[in-house]
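[1] Fold the stuff below for me.
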Amino acid sequence: MSDRKLTIIASKGTLDWAYPPFILASTAAAVGYQVTMFFTFYGLQLLRKDLDLKVSPLGNPGMPMPMNMNKWFPVLGTAIPGMETVMTQMMKKTIKSKGVASIEELRSLCLEAEVKMIGCQMTIDLFDFRRDDFIDNIEIGGAATWMENAGDSTVNLFI
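    Residues are numbered from 1 along each chain as shown. Take a look at the predicted model:
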């Protein structure tokens, strides 16, 4: 087993923020890192059995908009009811058309590569989740569990 270790804290639960931790984790595992992912607060959504991830264009000025909308469509317009649904569908269509793996596929790749995934116990308690809301093959633990892994890790990332 490699002495190179990566820990990632995933704290965001939207479709666009789900990709970085899973891509980094699966890539690191593929090149021989021992990888631990800690899912806390909204990032805990990424471990749910039933993913219903969305993209929020509101307050996301770096998000490329179709038809160059970011040049002519007012930021306030992204708050119009239904825009989140429209932008989420457009993002999912783009992801599929470019052949990018889904979050479910990336998550499965990580589990197959023996990436350790830890759901934050405090967040589960805070939001009244149940263990059976989440996928199998994950651990449940607190910040101390993450610290045990991060303390001897060669790379630690907060996403």
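
[2] which SS state does the most centrally placed residue in the chain fall under?
    Nearest to the mean C-alpha position of the chain, by CA atoms, centre = their mean, lies Ala18 at 2.6 Å. With DSSP: H, G, I helix; E, B strand; the rest coil as the basis, Ala18 sits in helix.

[3] worst-scoring helix or strand of this structure, pLDDT-wise?
    helix 69-72 (a mean of 54; mean pLDDT, DSSP states H and E).

[4] Against which helices or strands is the helix or strand just after it packed?
    The helix or strand immediately downstream of helix 69-72 is helix 83-97, counting by DSSP states H and E. With contacts taken as 3 or more CB pairs under 8 Å, 6 or more residues apart in numbering; DSSP states H and E, helix 83-97 sits against helix 15-30. Placement of C-beta: from N, CA and C, glycine included.

[5] got the buried residues for the helix it packs on?
    By neighbour count on 16 or more other CB atoms under 10 Å, the buried set for helix 15-30 is 15-19, 21-22, 24-26, 28-29.

[6] Which neighbouring elements make contact with it?
    Using 3+ CB pairs under 8 Å, 6+ apart, helix 15-30 sits against strand 5-10, strand 34-39, helix 83-97, helix 103-112, strand 155-158.

[7] what does the shortest one contact?
    With CB atoms under 8 Å, 6 or more residues apart in numbering as the test, strand 155-158 has contacts from 4-9, 11, 21, 24, 28, 33, 150.
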